[in-house]
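Pasting the sequence and the predicted coordinates here, then a few questions.
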Amino acid sequence: MRTTGGGRVPSGHGPTRITGAQLGDTALAAAVTVAGAAGTRVAGGPERADVAVDARGYALFVAAALALAVRRRWPVAAFAAAAGCTAAYVLLGYPYGPILAVFMIAVYTLARHVPLPAAGPYALAALLALLPHLLTRDHGLGLSGAVPVSAWVVVPFALGYALRLRREAAVRARAEAVRRSADEERFRVAQEVHDIVGHGLAAIKMQADVALHVLVKKPAQAEVALEAISRTSSEALEELRATLSVLRRTGDGAERGPGPGLTRLAELRRRMAEAGVHVHLDVSGRAPAPLPAAVELTGYRIVQESLTNVLRHSGARQAAVRIRYEPGGIRIAVSNPVTGGTGDTGAGSGIAGMRDRVLDLGGEFAAGPVAPDTFEVRARLPTGGAP
């Protein structure tokens with residue numbers, strides 16, 4: 001402690017913060033002390049007038065009751081104080097009274113806040129300390145009183161331990177929910193990165209192949225392909241930055257540009273055309289306004305990933321995208337010819353990722369050949385409207 005002017009400034013850490021639990025325990029100890037002192041006075045009744053509680057008995061009760069003030073901060077110490085005072089109280093022959101309630105509160109607290117391997121031996125030692133008074137008290141019970149005396153320990157201990165198990169189960173459930181939420185978020189971001197990078201690289205590779213093929217004989221056409229590569233890479237990088245920003249949230253609520261959605265399919269169609277794949281886009285029905293953000297994003301990613309598969313696997317130079325808005329949902333179909341009749345456009349294509357996206361929204365998904373030379377991805381996404 002050092003002195004500054006007329007006041008004193010404590011050295012080291014600041015004052016200890018008193019928690020709500022500590023205040024509650026202090027209030028409990030005070031209430032039990034006041035109420036119990038009055039109850040102790042008449043505990044024995046007329047038949048126990050010969051052993052009326054004296055100053056020593058009151059001191060034992062008050063010491064046990066005041067120990068409850070630290071029952072959650074130092075549960076073992078509070079229990080030891082309450083148990084020692086209670087054992088001495090009954091061994092001296094004082095009549096049963098409120099001190100037993102104090103003791104049972106301390107037993108409950110011990111089981112509630114101390115692990116079983118440590119709490120069990122303490123409780124057993126307290127029980128053994130209480131039993132000898134059955135041999136010295138003149139109450140006619142003798143050793144037959146071991147059962148009710150044991151209940152003073154067993155009942156509150158069982159209650160405290162049961163609530164401890166319940167609390168630990170709740171903590172584990174919360175931790176599991178947090179872990180599962182984090183895993184789902186990582187999986188969602190991984191899906192986004194896969195779709196963005198996969199589509200961008202597939203388009204860039206196709207454009208680069210065109211540029212290399214015509215570089216010597218048609219340099220002007222190669223320049224067009226290189227410009228398309230530059231545009232595609234810039235767009236993919238911008239979209240990737242926006243997606244990865246979810247990992248760097250600062251809570252500032254800053255607005256970002258609009259995310260990918262079905263309203264941006266024209267841009268996707270242009271990029272595919274630059275990569276050498278002509279996409280026929282057919283939109284029918286009336287779109288509800290606004291669409292849920294998750295539906296917008298999932299619909300866009302399904303079309304994007306399907307067209308990426310066309311670039312990577314089919315060898316086709318054309319594809320058809322059909323979007324149909326209907327009451328309660330959106331139907332999406334992306335089809336393309338399969339060159340050579342292999343029908344293997346689903347291999348390594350992220351079909352599983354698309355299916356997971358759709359099923360997470362409660363929609364329907366299918367992908368596979370619909371004719372010997374046609375592969376199609378079909379999905380229905382619920383929009384929350386009337387079916």
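Everything's here; your move.

Report the mean per-residue pLDDT for the helix of greatest length in the chain.
Longest helix in the chain, counting residues (DSSP state H): helix 146-214. For helix 146-214, mean pLDDT is 81.

Show me what that helix is packed against.
With contacts defined as 3 or more CB pairs under 8 Å, 6 or more residues apart in numbering; DSSP states H and E, helix 146-214 has these neighbours: helix 98-113, helix 116-130, helix 219-244, helix 265-274, helix 293-309, helix 351-360. Where you see a C-beta, it was placed from the backbone N, CA and C, and this is true even at glycine.

mean pLDDT for these: which is lowest?
It's helix 219-244: among the helices and strands packed on helix 146-214, that one has the lowest mean pLDDT, namely a mean of 72.

got a list of what L361 touches?
A294, V295, T298, L381, P382 (CB atoms under 8 Å, 6 or more residues apart in numbering).

SS state for A320?
strand (DSSP: H, G, I helix; E, B strand; the rest coil).

Could you give the bridge partners of it?
Applying DSSP bridges to A320 yields these beta-bridge partners: H280, S335.

Over to A366?
Bridge pairing for A366 - DSSP bridges - gives R378.

Quick check: it touching R378?
Yes - the pair A366 / R378 is scored as a contact, 4.8 Å apart, by CB atoms under 8 Å.

Looking at these two now, which is surrounded by more residues?
The neighbour count for A366 versus R378, taken as other CB atoms under 10 Å, is higher for R378 (19 against 14).

so who does the more buried one touch?
Applying CB under 8 Å, 6+ apart, the residues near R378 are R331, I332, A333, E364, F365, A366, A367.

Let's see that with 10 Å instead.
302, 306, 322, 331-335, 358, 364-368, 370 (CB atoms under 10 Å, 6 or more residues apart in numbering).

By neighbour count, sort out the buried ones in these.
Among the contacts of R378, those scoring as buried are I302, S306, R322, R331, I332, A333, V334, S335, V358, F365, A367 (criterion: 16 or more other CB atoms under 10 Å).

Enumerate every residue touching the closest residue in space to the fourth one that isn't next to it in sequence.
Put plainly, it is R331. Leaving aside its sequence neighbours, R331 sits nearest to R324 (CB to CB, 6 or more residues apart in numbering; 4.4 Å). Counting by CB under 10 Å, 6+ apart, R324 touches D282, V283, S284, G285, I330, R331, I332, A333, R380.
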